[in-house]
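Engineer: need coordinates for the following:
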Amino acid sequence: MKPHIFVRCVRFPIGLVLVASLAGGCAVGPALNAATPTESSTQPGVEQRPTGELVVYTSRAEALFKPVVEAFNQEYPAVRVTLLTGSASELAARLLEERNTPRADVYISTDMLNMLSLAEQGMFEPNSSPAVAAVPLQYRAEDGSWVALTLRLRVIMYNTDLVKPDELPASVLDLTDDKWKGQVGSANSTNGSLMAHLVVLREKLGDAQTESFIKGLVANGTQFFGGHTDVRKAVGAGELKLGFVNHYYYHLSKAEGAPVGIVYPDQGDDQLGMAFNTTNAGIVAGAPHPDLARLFVDFMLSPRGQRIYAERNFEYPIVPGTPLAEGVPALNQFKLVQVSLKDIYSRLADTKALAQAAGLP
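Structural biologist: Numbers count the residues shown, from 1 in each chain. Sure thing, here's the model as predicted:
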């Protein structure tokens, strides 16, 4: 059977995108949450192959996620996968609206804080899969209701035509230096990666120093964008000298031929180490197809699934031993900040209030 992504034409609220079939157009099929069988045959001696429909909500970029689905369908060709893409906040709102009659089976978020918020509200099923249990506890819920898929480091990228190596900042705190006035790009307070980083700083440095850092960024004329893609493009085009981003944005720009370099900050003995964030997956509570959902989560944690995330988006796989993309340095070369993801979420609301009071847009 030819692997495929099965997608139907459905109207959704503005801001949400239903991913089109790889073959083009839309297929006609049953309702989004229609019941489907999970086995192709019950005859004795006949191999039972998973079959049915799997509905995935994801805030991951469509270009990255399609290869994951294609690879899954190569192994499970009788499972029809329907994707609904959108921002983490949009999809979270939809999940909450649908919680009494869930349509989604799996939720995959690029926003760690968004995932933890939904988990706190009981939106995910416990998952005792051995693949989930093998992930270090600091990167998953104790009951497996959410699990990290990849790690993303918080770094500084720079334009190599505009900045010399001996001029580079050694710490993210150096971004407030006068010599970078009007030359730094960053995401704004709507971005989960930035907010998680600020929570880490507040956890380690305290309120006063974190507030001073935010005020320093604002006073230094930092240009704030809705997302990191705009930051990396501005740095690559020479519109800005420095960008405060997740590490893979540097690699994406480098692969496109942009004149960019990277700083892995805060590596000194007296420094905190690099902050990081994660992408995560969870099985939706009351999912129509929980068995297929567990199968899909297991696949994303398998060597094949992890390689796709590493090779396509330059991320750090959560499963040790997975090969990294060319040019991505081994994680064990770096000093990472020591913090619990649960601690990050518990301090989010206060940190966001502090950041906005300090002038962060």
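
Engineer: which residues does the residue nearest in space to the middle of the chain contact?
Structural biologist: In the chain, the C-alpha nearest the mean C-alpha coordinate belongs to Thr110, at 2.3 Å (Cα atoms, centre = their mean). The neighbours of Thr110, taking Cβ atoms under 8 Å, 6 or more residues apart in numbering as the test, are Ser59, Arg60, Ala88, Gly192, Thr279. In short, each C-beta sits where N, CA and C put it, glycine included.

Engineer: same thing but at 7 Å, please
Structural biologist: Contacts for Thr110 (Cβ atoms under 7 Å, 6 or more residues apart in numbering) come out as Ser59, Arg60, Ala88, Thr279.

Engineer: what's the closest of those residues to Tyr345?
Structural biologist: Within the contacts of Thr110, proximity to Tyr345 (Cβ to Cβ) peaks at Ala88, which comes in at 13.8 Å.

Engineer: burial of the closest one, as a residue count?
Structural biologist: Look at Ala88: counted by other Cβ atoms under 10 Å, it has 24 neighbours.

Engineer: go on, Ser128?
Structural biologist: 9.

Engineer: which parts of the stretch 201-350 of the chain are helices?
Structural biologist: 207-219, 228-236, 247-255, 290-300, 303-313, 341-346, 348-357 (DSSP state H, counting those that start in this stretch).

Engineer: please identify which of these is closest to Val81.
Structural biologist: When these are compared by Cβ to Cβ, helix 290-300 sits nearest Val81, at 7.9 Å.

Engineer: now do the closest residue to Lys204 other than its chain neighbours against Thr51, distance only.
Structural biologist: Spatial nearest neighbour of Lys204, excluding adjacent residues (Cβ to Cβ, 6 or more residues apart in numbering): Leu272 at 5.3 Å. Distance, Leu272 to Thr51, using Cβ to Cβ, to the nearest Å: 50 Å.

Engineer: who's more crowded, those two?
Structural biologist: Using other Cβ under 10 Å as the criterion, Leu272 and Thr51 rank with Leu272 on top: 22 against 18.

Engineer: where does Gly182 sit, in terms of helix or strand?
Structural biologist: Counting by DSSP states H and E, no helix or strand carries Gly182.

Engineer: the residue nearest to Lys204 reaches Asp266, doesn't it?
Structural biologist: Yes: with contacts counted by Cβ atoms under 7 Å, Leu272 reaches Asp266, the gap being 5.0 Å.

Engineer: tell me the SS of the closest residue in space to Pro126 that isn't next to it in sequence?
Structural biologist: Sequence neighbours aside, Asp143 is the residue nearest to Pro126 in space, at 3.9 Å (criterion: Cβ to Cβ, 6+ apart). Three-state call for Asp143 (DSSP: H, G, I helix; E, B strand; the rest coil): coil.

Engineer: sorry, back to before: spit out the residues that contact Leu272 and Asp266 alike.
Structural biologist: By Cβ under 7 Å, 6+ apart, no residue touches both Leu272 and Asp266.

Engineer: just to revisit the earlier point, got a pLDDT number for the residue nearest to the centre of the chain?
Structural biologist: Note for Thr110: predicted pLDDT of 90.

Engineer: pretty sure Trp81 is in a strand, no?
Structural biologist: Rather than Trp, residue 81 is Val. Yes: according to three-state DSSP, Val81 belongs to a strand.

Engineer: average pLDDT for the lengthiest strand in the chain?
Structural biologist: In the chain, with assignment by DSSP state E, the single longest strand is strand 147-159. Across strand 147-159, pLDDT averages out at 97.

Engineer: thinking again about what came up before, among the contacts of Thr110, which are in strands?
Structural biologist: Thr279.

Engineer: picking that back up, and the helices of the stretch 201-350 of the chain, which one is worst for confidence?
Structural biologist: Averaging pLDDT over each of those puts helix 341-346 lowest, since it has a mean of 74.

Engineer: CA-only coordinates of that helix, as PDB, when you get a sec.
Structural biologist: What follows is helix 341-346, C-alpha atoms only, in PDB (Å, rounded to 0.1, in the frame of the first residue of the first chain):
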ATOM      1  CA  LEU A 341      11.200  22.300  33.400                       C
ATOM      2  CA  LYS A 342       8.500  22.200  36.100                       C
ATOM      3  CA  ASP A 343      10.200  25.000  38.000                       C
ATOM      4  CA  ILE A 344      10.200  27.100  34.800                       C
ATOM      5  CA  TYR A 345       6.400  26.700  34.400                       C
ATOM      6  CA  SER A 346       5.700  27.500  38.000                       C
END
